[in-house]
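Q: The following block contains a protein sequence and its predicted model.
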6 protein chains.
Amino acid sequence: MTINGEGGSHKLATGIAGLDGLLDGGFSPGRVILILGEPGSGKTILCSQYLHYGATKEGQKGAFIGLNEPKARFMGEMKALGMDFEKLEADGKFSYIDATEVKRIPEQAKVGRIPVGGRELGLVNLIDLIQEGMEKASPTRVVVDSVSDLIFRYPNVEERRPVVLDIVEALQSASATSLLTSELLSTGESRELQPEEYLAEGVLMMRTLSKGTRSIQVRKMRGSKIDTTPRPYVIKGGGIEVYATEEIYEHSGRG
Amino acid sequence: MTINGEGGSHKLATGIAGLDGLLDGGFSPGRVILILGEPGSGKTILCSQYLHYGATKEGQKGAFIGLNEPKARFMGEMKALGMDFEKLEADGKFSYIDATEVKRIPEQAKVGRIPVGGRELGLVNLIDLIQEGMEKASPTRVVVDSVSDLIFRYPNVEERRPVVLDIVEALQSASATSLLTSELLSTGESRELQPEEYLAEGVLMMRTLSKGTRSIQVRKMRGSKIDTTPRPYVIKGGGIEVYATEEIYEHSGRG
Amino acid sequence: MTINGEGGSHKLATGIAGLDGLLDGGFSPGRVILILGEPGSGKTILCSQYLHYGATKEGQKGAFIGLNEPKARFMGEMKALGMDFEKLEADGKFSYIDATEVKRIPEQAKVGRIPVGGRELGLVNLIDLIQEGMEKASPTRVVVDSVSDLIFRYPNVEERRPVVLDIVEALQSASATSLLTSELLSTGESRELQPEEYLAEGVLMMRTLSKGTRSIQVRKMRGSKIDTTPRPYVIKGGGIEVYATEEIYEHSGRG
Amino acid sequence: MTINGEGGSHKLATGIAGLDGLLDGGFSPGRVILILGEPGSGKTILCSQYLHYGATKEGQKGAFIGLNEPKARFMGEMKALGMDFEKLEADGKFSYIDATEVKRIPEQAKVGRIPVGGRELGLVNLIDLIQEGMEKASPTRVVVDSVSDLIFRYPNVEERRPVVLDIVEALQSASATSLLTSELLSTGESRELQPEEYLAEGVLMMRTLSKGTRSIQVRKMRGSKIDTTPRPYVIKGGGIEVYATEEIYEHSGRG
Amino acid sequence: MTINGEGGSHKLATGIAGLDGLLDGGFSPGRVILILGEPGSGKTILCSQYLHYGATKEGQKGAFIGLNEPKARFMGEMKALGMDFEKLEADGKFSYIDATEVKRIPEQAKVGRIPVGGRELGLVNLIDLIQEGMEKASPTRVVVDSVSDLIFRYPNVEERRPVVLDIVEALQSASATSLLTSELLSTGESRELQPEEYLAEGVLMMRTLSKGTRSIQVRKMRGSKIDTTPRPYVIKGGGIEVYATEEIYEHSGRG
Amino acid sequence: MTINGEGGSHKLATGIAGLDGLLDGGFSPGRVILILGEPGSGKTILCSQYLHYGATKEGQKGAFIGLNEPKARFMGEMKALGMDFEKLEADGKFSYIDATEVKRIPEQAKVGRIPVGGRELGLVNLIDLIQEGMEKASPTRVVVDSVSDLIFRYPNVEERRPVVLDIVEALQSASATSLLTSELLSTGESRELQPEEYLAEGVLMMRTLSKGTRSIQVRKMRGSKIDTTPRPYVIKGGGIEVYATEEIYEHSGRG
């Protein structure tokens, strides 16, 4: 695998119907891509489809570093969408790294007898979990879902930025292609840009517009020709499906 | 009851005319769903209909953990809407857990001789009340109405987030399907997303748009195919009725 | 009088032409209703008409707890609008409780030799005035005009909320139907919701839209079927008149 | 003069062509009216016309309490607009009270040997100047132009509010009809309401809309039937002229 | 020269094609006028044309107090636009006062052995430079470009206001007609008004609208009849040219 | 090379198809130009094309001071776009100055035994790197990509401004023409202006509008006649291409 390879020929298909077309073939290997979305937009589903596709169609190992929910809950939810990660795990194609404790670390903690800020400890723990997961499983596809609980502990953007950077760089140093989910802070057209949008190498934004249309937009993808038009998508029984040639008919300025 | 079951066949009908259609049959068992609404949007009514339907039509026990108003007032108001919770209570189908004292706990309090922050005590008390209510009544349907008084005591979003998380997890650990109400912080299309929208597993948003139309939107529902189109609804003598096939005709961007 | 009675038959007519129709007959007895309005929208006039109608047409005693202006000024202004509260007072149908001193209490004060926060003292005083007024006059209709001076002394919303709650509960504990006025903090469609909108049991909002049209909207009314459409109104020689069947023709999103 | 008289017959004509019509005849005696305007909207000119008209047409004494500019500058500017206040002063019909020092009082000051906050001293000084001016000249018409320098020294709205209240009440206690100018804090339709809009008994708002049209709107006037439609106006050689029957043709939502 | 003279006959032509028409002939002598503009709107060019015209056409001395750039850079840039200030300087018609050090004064400084706030020192220095420049050169036309670096050192508006006032008054006390440039803080229609807009006696606002049209608007001019319509302008080889009879065709609400 | 030369004849072609036309021929020598853009807008690509064109077509040396990514990553990404900087480096036409450590300097650091703020140290380091790079390579074209990590460490705009100024002046003192990239803080039409927009001598803004159209606008360019109309652009295999004669068809107010 080439970390900096940009050619369409080496790209990783996303496994989401319609999405590869917007991405000129898929994700470039070695990249760290941000999945930024509103509540209920399907960030976790998109990431799971990415891993599931790689494991079942491409024979690529996947790792899911879950900060939001324990393994059993994740497994159950994805099974309901037709993705059997238990089987993939048994086949050595998937590993679930439970990082839910990261968000539970208190503000004040101790390492041995040395008091440390709990927030910093949480970050260190997450990065350790990422690195351990990488070493043990050598995955081709990695998901971190989500960093919001961790980064929202830092109230100021100047503190939040280096935390995001540390996570992005930990993922970059591994030879995998990673998706990182994060929560959109506000609805509507005019919004403050979030530091992770700048620090990640690619950005997909998932929103529910005012009339209920779901919209996905590839806003950034280093080294790829992309279609930046927002496109409608649905979440069906088998997961996300993007209508890659349709336009958003409702005024997209009012999401 | 299966906590992670996602099939439409196991869903709990909401008891609100028209709403089940938007939810692909109702609420999935074991979920914690946020009812986020403007003042006067009928959050409490919706929750009560949910409990009343379960008790009268499905024989499912319900529990209402009320932080806003004492039992008598709740009972009276719902009776006026045709829901006789006193009778259901007498039949062992309903229990009202009065949690109004939670919001009255002062900022500084003592547990024995140990001073503790009153806010933290309020949270601990609520979670205790939830757990006691669960153990004693073993309800299938639970309502917590509302968490706003508790969470608005935390001025910063980074403090508010773990409080919401604690409540959501307390509800998740019980084998019930729970509704949690919360107050929308602002009107209009462009707004800051609230942490509870991310932490709950489902979100229904209830608003009064600028020309007076009431609008309900299923914005999120883990594990369910949903209709995210905002739909008009009315509050009539018997409670809420959703016009599940109508669109909002006024410009919905101006709620 | 039934505190929780919701039937239209027991409702209190507002005394404002056109308004009862939006309220399904009037205000439900025992309720605490917020009159939220812009400067000059006629909040005090609406409240006075409510008291005057009750006293002259229904024989119901009324009490006006005035924080904004002394009795003589209130009496004079209402007389100019054709409401003779001096006569009603002489007839034992009206009492004016002067609470203007509440807003004058300094930030630091002493109760005996104990220093207390002046803000808290102001709140305690207002609640005492409310309770004394209730005990002495046993009014059916009560007005508190306005709570803004008191609550705006609390800069943060998490402090302001319990203050509003204390006032609302003081009014709820009396067997009267109360109107509470408060000032809208901003113009326009997108605005932060104010805690009193959630804590009161009903909300009427009065605004002056951008082209000068006056608009009244019933946004909330626990236990009543309401018409939430904003309606135009005028302030004429005899007070407020609502055009309950007319729509706002100018774009109401730009108030 | 009747302080609370509301009849049109006793009203004070404003002296501005077209404006009396919007005010149902003029200003009611004894009132404190806020002239709230954008930069360059002509607040000072409007106030000067009010005083000049009273002195020359009605024989009413006027006083101008000027915080913004020294007497000579005021006199010169108004002369250029055809208002000879020097002559009126010589005739005993006008007095100029120079209050420019009020805004120059430093943050920390001493009264005798007691250190006091300079802001508070500034407020006390202004109120003293108002009261002295009232006693000495017994004016019928009073102008305070402007309070912005004083009130903007208080960064928080909860501090600013009692300052405005003190000034309004100092003016109310005199038997004059007073105009108080203040600066609008922001342009556009959606804006935070300023405390002086609530505390004054009348509000005139003067803006320059986005296409350059000047707009005046009577937003509030206790005890008067008013026309709240915004109307175009011009500043000509002789001062302000309001087109009281014309509408604002440009979208007024974009001031 | 008359400080308070307002007649069109004594006005100073601006030297910018088309602009005098909007100003009823030019700037009134003795005034302090704010040139408020977006980045790249041509504030410095406008001011230079004003000085250049006065020196070459009216024989009026000019002084440029430059806080942004050293003399050589200014001279070079203006020469490229066809304005030879070096020649004017040699002829005794122009002086450049380098005030770039003002913005370099550190936050903490010492006057002799007395520590003083650097911000205050910067202000004192600027005012000294203004007064020295006035005494030495006795200019008829003065430019201060720009005050932003100085005033943005004061984070709060209540601190910024007296600083602006000091500068405006220093300029007023000289018998010149002064232009003062400042930076607009935000784009778009709805914006917070800046204190310098109120404290200056005239305001010209220069913006680049969303479709790229440059727009100049005379928003305020004490003692002058002005055309407040925003007008398009261009920056050409010879400087700024205003199309004084054209309207802005794009929606001006979206600058 | 003339630092202040403004004539089109000496301008540096940008190397981006279509862009020189908007700039009246290219960038003026000696200028510091800000490339302000949204995430994924292609700021780094634009800058690289500028250097690559100079080196391959004009024989001008270029230097890239990279704060965001290490040399190898930069080289690889640009190669994928057809720009072989390794070859240019071997030919002595290009130097990459790795400044990624600048953003890694901790908040607290020591110079010898003297504790210094890490932020200040980061700034000093960057300026040292700029000056060393200038001395060693004597480049004609310089890029600093990006300053955001450095300047966002300063939470307040009054602190951020002098930092930007120091960087701009360090670049100005060299006899090169420099591009400086920075991140746009928010989307949409109404936004706060950033200090670097005022302090740089030219500004190009790159955005992705709501319907996905990419838009580039020359907002400022000292000493040049520019076309300020926003123009669509694409990122293709060979880099950025601007459609210099096309207009943005979607409502550009909703970026």
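A: Great, that's in hand.
Q: CA only for contacts and neighbour counts going forward, please
A: OK.
Q: quick one: secondary structure of the residue of chain A found nearest chain C?
A: As assessed by CA to the nearest CA, chain C sits closest to residue A:188 within chain A, at 11.6 Å. At residue A:188, secondary structure determined by DSSP: H, G, I helix; E, B strand; the rest coil is coil.
Q: separation between it and residue B:193?
A: Computed as CA to CA, to the nearest Å, the residue A:188 to residue B:193 distance reads 10 Å.
Q: More neighbours: which of those two?
A: Taking other CA atoms under 10 Å in any protein chain shown, residue A:188 and residue B:193 do not tie; residue A:188 has more neighbours (21 against 18).
Q: quick one: that one from residue D:13, how far?
A: 48 Å.
Q: same thing with residue A:38?
A: As defined by CA to CA, residue A:38 lies at a distance of 58 Å from residue D:13.
Q: How about residue A:140?
A: To residue D:13, residue A:140 is 83 Å away according to CA to CA.
Q: all strands of chain A, in order?
A: Remark: strands assigned in chain A by DSSP state E are A:32-37, A:62-66, A:94-98, A:108-111, A:114-117, A:141-145, A:177-183, A:202-208, A:214-221, A:231-236, A:239-242.
Q: my guess is residue A:79 meets residue A:85, correct?
A: Yes: in this structure, residue A:79 is within contact of residue A:85 by CA atoms under 8 Å, at 7.2 Å.
Q: When those two are compared, which one has more neighbours?
A: Between residue A:79 and residue A:85, counting by other CA under 10 Å, residue A:85 is the more crowded of the two (22 against 18).
Q: partner residues bridging residue A:216?
A: Counting by DSSP bridges, residue A:216 is bridged to residue A:206, residue A:231.
Q: so who does the closest residue to residue A:150 other than its chain neighbours touch?
A: Distance criterion CA to CA, 6 or more residues apart in numbering or on different chains; nearest residue to residue A:150, sequence neighbours excluded, is residue A:103 at 6.0 Å. Contact analysis of residue A:103 by CA atoms under 8 Å, 6 or more residues apart in numbering or on different chains lists A:67, A:122, A:149-150.
Q: Go again with 10 Å.
A: Residue A:103 makes contact with A:67-68, A:118-119, A:122-123, A:126, A:147-151, A:153, B:162 under the criterion CA atoms under 10 Å, 6 or more residues apart in numbering or on different chains.
Q: residue ranges with poor pLDDT in the stretch 101-250 of chain A?
A: Applying pLDDT under 70 to the stretch 101-250 of chain A flags residues A:105-119, A:250.
Q: In it, what residue lies closest to chain E?
A: Closest point on the stretch 101-250 of chain A to chain E, by CA to the nearest CA, is residue A:190, at 11.7 Å.
Q: any idea which helix is longest in chain A?
A: Ordering each helix of chain A by length in residues (DSSP state H) puts helix A:118-137 first.
Q: what's the angle from that helix to strand A:141-145?
A: If you take axes from the mean of the first three to the mean of the last three CA atoms, to 10 degrees, helix A:118-137 sits at 160 degrees to strand A:141-145.
Q: still on that earlier bit, take the contacts of residue A:103 and write them to JSON lines, including neighbour count.
A: Shown next, in JSON lines, are the contacts of residue A:103 (neighbours: other CA atoms under 10 Å in any protein chain shown):
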{"residue": "A:67", "neighbour count": "23"}
{"residue": "A:68", "neighbour count": "22"}
{"residue": "A:118", "neighbour count": "20"}
{"residue": "A:119", "neighbour count": "22"}
{"residue": "A:122", "neighbour count": "23"}
{"residue": "A:123", "neighbour count": "21"}
{"residue": "A:126", "neighbour count": "24"}
{"residue": "A:147", "neighbour count": "23"}
{"residue": "A:148", "neighbour count": "19"}
{"residue": "A:149", "neighbour count": "23"}
{"residue": "A:150", "neighbour count": "22"}
{"residue": "A:151", "neighbour count": "24"}
{"residue": "A:153", "neighbour count": "21"}
{"residue": "B:162", "neighbour count": "19"}
